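**Q** Sequence below, structure please.
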Amino acid sequence: MKLSNAKIVLKDRIMSGSMVIENGKIALVTTDELSDGFDCAGCFVGPGFIDTHCHGGDDKWFFDDPAAAANFHLQYGTTSMLASLWRNAASGGLISAVTKVVKAIESVQVPNLIGIHMEGPYIDKDFGSEGGTAHPIDANEYRAIIKATKGFIKHWTFDPLQKGAKAFAQVCFGKDIKLSICYSKATPGDIENFAKFGLNIGNHIMCATGKPPTKFAGTIESGSDEYVLANDDMYAELICDSLGAHVRHENVVITYKCKGADKTILVTDYCADGDTLGSDVNIINGELYGSKLTMNTACRNMRAHTGASMPEIFRMASTTAASALGLTDIGAIEKGFVADLVICDEDFNIHGVVKNGELVLNNL
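**A** Below you'll find the model as predicted:
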């Protein structure tokens, strides 16, 4: 397969030219125009989006219908994604939920579903949707979950203050499961103690994050948000909706300025059910409950809020996520990388999607 007449989005620049794909991988990126290639009509061609935090798609939860949820997002350029399982899945049988997702990952019908993100259940009961009920860390439970997921858990959000957190983190580290922080009143010092266990992701920064009690009245204490922003080794997940509902516009800018494109990860936190109120957020029972974002819309919002360049946006929507998860052959347009690509205009409207070197969407 060949792509021609394209504005190819590399990590640091945009190059007009063509691309050759062989055996599902990028074989050549060139400034030459290939007369026999698929005409991209002058559109941008960037690495396919990678969504590390998503609970569903097309009004289907991942624990109900993972194939429908993942295939929905593929049409919007998400060529790799994790199924996020929230703590409410535990009440309905978490083992059953992860088993269903694993079966979908292993099927050929869901090419873009590559793993699982566990968002809890070992988090502070005071934070997030459907809070109020503690779920203690249980070694038998998390070992059973890990066994059932067959190595497909890519990162796990937890609260370092929970009893048994150290032993849990040690097990995750041994299984190469990245740890992420959220829903916690931990201090930066508490969090730092888990860096040696691979804690390197701030789960949707400035949204359902907590702080320890302040030491001095009238002052702001440092919690996980401040730790993520100040620590050069931490990645920051960012839900960038149009309203600034999850993260206020000014805080989006602060995150972008502190972390840059190489440590900021755009995510959707897409949830099923609910009402959008005419926006890209999701409201259930009057409360903010994730979003109805697709990754291309998150990209559009991020550029509107920050003025980031096209290469920076694609890094935040693809390259940086791959880096955080230790994925070495996706997330960038480079020779030898898997040909997961998105073809879009300057407003991130999707005109084509290439997955594993095959054109799966063509609106040109």
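**Q** all contacts plus neighbour counts: C-alpha atoms, from now on.
**A** Fine.
**Q** residues in contact with the closest residue in space to Thr214 that isn't next to it in sequence?
**A** Excluding its sequence neighbours, the residue lying closest to Thr214 (CA to CA, 6 or more residues apart in numbering) is Glu221, at 5.1 Å. Going by CA atoms under 8 Å, 6 or more residues apart in numbering, Glu221 touches Lys211, Pro212, Pro213, Thr214, Lys215.
**Q** element containing Glu221?
**A** Here Glu221, judged by DSSP states H and E, is contained in no helix and no strand.
**Q** cool, the one 4 residues further on as well?
**A** Secondary-structure element containing Asp225, defined by DSSP H and E: helix 224-230.
**Q** Remind me what that helix packs against, helices and strands.
**A** helix 188-192, strand 199-202, strand 235-239, helix 249-259 (3 or more CA pairs under 8 Å, 6 or more residues apart in numbering; DSSP states H and E).
**Q** can you pull the buried residues of it?
**A** Ser224, Asp225, Tyr227, Val228, Leu229 (16 or more other CA atoms under 10 Å).
**Q** tell me the mean pLDDT over it?
**A** For helix 224-230, mean pLDDT is 98.
**Q** Around His135, how many other residues sit close by?
**A** 15 (other CA atoms under 10 Å).
**Q** now Gly174
**A** By the criterion of other CA under 10 Å, Gly174 has 10 neighbours.
**Q** try Gly326
**A** Gly326: 12 neighbours (other CA under 10 Å).
**Q** And for the one 10 residues further on?
**A** Each residue near Gly336 was counted by other CA under 10 Å, and the total is 15.
**Q** That one touches Asn356, doesn't it?
**A** No: Gly336 is not in contact with Asn356 according to CA atoms under 8 Å; the separation is 11.9 Å.
**Q** Can you work out which residues contact both of the two?
**A** Common neighbours of Gly336 and Asn356 (CA under 8 Å, 6+ apart) are Lys25.
**Q** And stretch 255-275, what's buried?
**A** 255-256, 258-275.
**Q** What's the end-to-end length of that stretch?
**A** Using CA to CA, to the nearest Å, the end-to-end distance of stretch 255-275 comes to 28 Å.
**Q** chain center to it, what's the gap?
**A** Averaging C-alpha positions (CA atoms, centre = their mean, to the nearest Å) puts stretch 255-275 7 Å from its chain's average.
**Q** Same question for stretch 36-52.
**A** Offset of stretch 36-52 from its chain centre (CA atoms, centre = their mean): 20 Å.
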